[in-house]
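Engineer: structure of the sequence below:
(one chain, ligands or ions: 1)
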Amino acid sequence: MNSDSSDDGVSRQEKPVLPLSNREHHHLVLGPPMHRKPAVMQEPVLVLNATFEPINVTAVRRAMVLLLKGVAQAEELNHHEVHSTSRVMKVPSVIRLLAYRHIPQQTRALSRKNILLRDRNTCQFCGGIFPTSELTLDHVVPRSRGGRSSWENLVACCYQCNNRKGDRTPEEAGIKLARRPRPFTLYTSRQLMRLIGHRDEKWRKYLFY
Ligand SMILES: [Zn+2]
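Structural biologist: I've put the predicted structure just below:
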C-alpha cells in the first residue's frame, strides 16, 4: 500500500504536542504550495492507531501530510478547509493510521520541561498550580540520601515547599506527596490527550482508553 511503514505520525520538526518517537526523517514532497492560514495549520489533531487507539497529538499541517501520503485517513473533520492550486482539502480533527503501528513502551527524555508537563505544573506537595518560572524540581529522596535523578524521584515543586522540605524526605518534613511519580508513558500521554481533547467534542469518543 504505502512504503512509509516507519512513519509513526510524528515529525520532529513539527514539534507535536505529544511526541511518541523521535525516529523519523522525512523528505516530503507536498506538491504545489498551499494557500493556508498558519493558525489553522498549528491546531491539534488526534492521531489514532489503526485499531482506533489514541496514540498521539500532532498539528494539522503534519496530519495533512499523512493524509496526502495515504498513510492515514480522516475520521473527523473540523470546519476549516485549505486550498491548493489543484484542490480543496477539509482540515481533519482526528486521523487514523491505516497500518497498525506497534507503540513501544516509550519513555521521554528526562528533563525539567517533561517533568513539569507530567505533573501539569502542579506542586506535588501543596497541590498549587504555578507558572513554570515559579516551579523547581524536587528530589523526593534527597540526593544526599542516595536519591536518584529519575522519573520516580523527581517532582514539580514550588519554591515554598522546596524550602520547607529542605534536605529531608517528605516523611521527615511532615509533608505528603500528592501521588507517586511515574515515568512519562503512553498512560501519561493519554491523560494529556484527554485534557487537550476536552475542548474538542469530536475527540471525546476516542479517548475512553
Ligand atoms: Zn508547593
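Engineer: write out the residues of the chain neighbouring the ion.
Structural biologist: 123, 125, 126, 158, 161 (CB under 5 Å from the ion). All C-beta spots, glycine's among them, are computed from the backbone N, C-alpha and C.
Engineer: I'd say the first one and residue 163 touch.
Structural biologist: What it means is residue 123. No. Judged on CB atoms under 8 Å, residue 123 makes no contact with residue 163 at a distance of 12.0 Å.
Engineer: between these two, which one's more packed in?
Structural biologist: Taking other CB atoms under 10 Å, residue 123 and residue 163 do not tie; residue 123 has more neighbours (23 against 10).
Engineer: pLDDT at that one, what is it?
Structural biologist: pLDDT, residue 123: 97.
Engineer: and the residue sitting furthest away from the middle of the chain, helix, strand or coil?
Structural biologist: Computed with CA atoms, centre = their mean, the residue of the chain farthest from its C-alpha average is residue 172, at 34.8 Å. Recorded secondary structure, residue 172: helix (DSSP: H, G, I helix; E, B strand; the rest coil).
Engineer: okay, now the nearest residue to residue 64 once chain neighbours are set aside: neighbour count?
Structural biologist: Excluding the flanking residues, the one nearest residue 64 by CB to CB, 6 or more residues apart in numbering is residue 89, at 6.5 Å. Around residue 89 sit 17 other residues, with neighbours defined as other CB under 10 Å.
Engineer: do the same with residue 65
Structural biologist: Neighbour count for residue 65, taken as other CB under 10 Å: 20.
Engineer: what does residue 189 give?
Structural biologist: Neighbours of residue 189 (other CB under 10 Å): 23.
Engineer: what is residue 136 paired to in the beta sheet?
Structural biologist: residue 157 (DSSP bridges).
Engineer: contacting residues around residue 164?
Structural biologist: 125, 173, 175 (CB atoms under 8 Å, 6 or more residues apart in numbering).
Engineer: got JSON lines for those residues, with neighbour count too?
Structural biologist: Below are those laid out as JSON lines (neighbours: other CB atoms under 10 Å):
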{"residue": "125", "neighbour count": "23"}
{"residue": "173", "neighbour count": "14"}
{"residue": "175", "neighbour count": "15"}
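Engineer: quick one: which of the residues of the chain next to the ion sit in strands?
Structural biologist: The strands, defined by DSSP state E, take in residue 158 from these.
Engineer: just flag the most distant two among the residues of the chain next to the ion.
Structural biologist: 125 and 158 (7.6 Å; CB to CB).
Engineer: quick one: mean pLDDT over the longest helix belonging to the chain.
Structural biologist: Ordering each helix of the chain by length in residues (DSSP state H) puts helix 186-197 first. Mean pLDDT, helix 186-197: 72.
Engineer: just how off-centre is the lowest-mean-pLDDT helix or strand in the chain within its chain?
Structural biologist: Here the helix or strand of the chain ranked lowest by mean pLDDT, DSSP states H and E is helix 186-197, holding a mean of 72. Offset of helix 186-197 from its chain centre (CA atoms, centre = their mean, to the nearest Å): 7 Å.
Engineer: go on, stretch 132-146?
Structural biologist: 23 Å.
Engineer: I'd like to know how far the residue farthest from the centre of the chain sits from residue 152.
Structural biologist: Distance, residue 172 to residue 152, using CB to CB, to the nearest Å: 19 Å.
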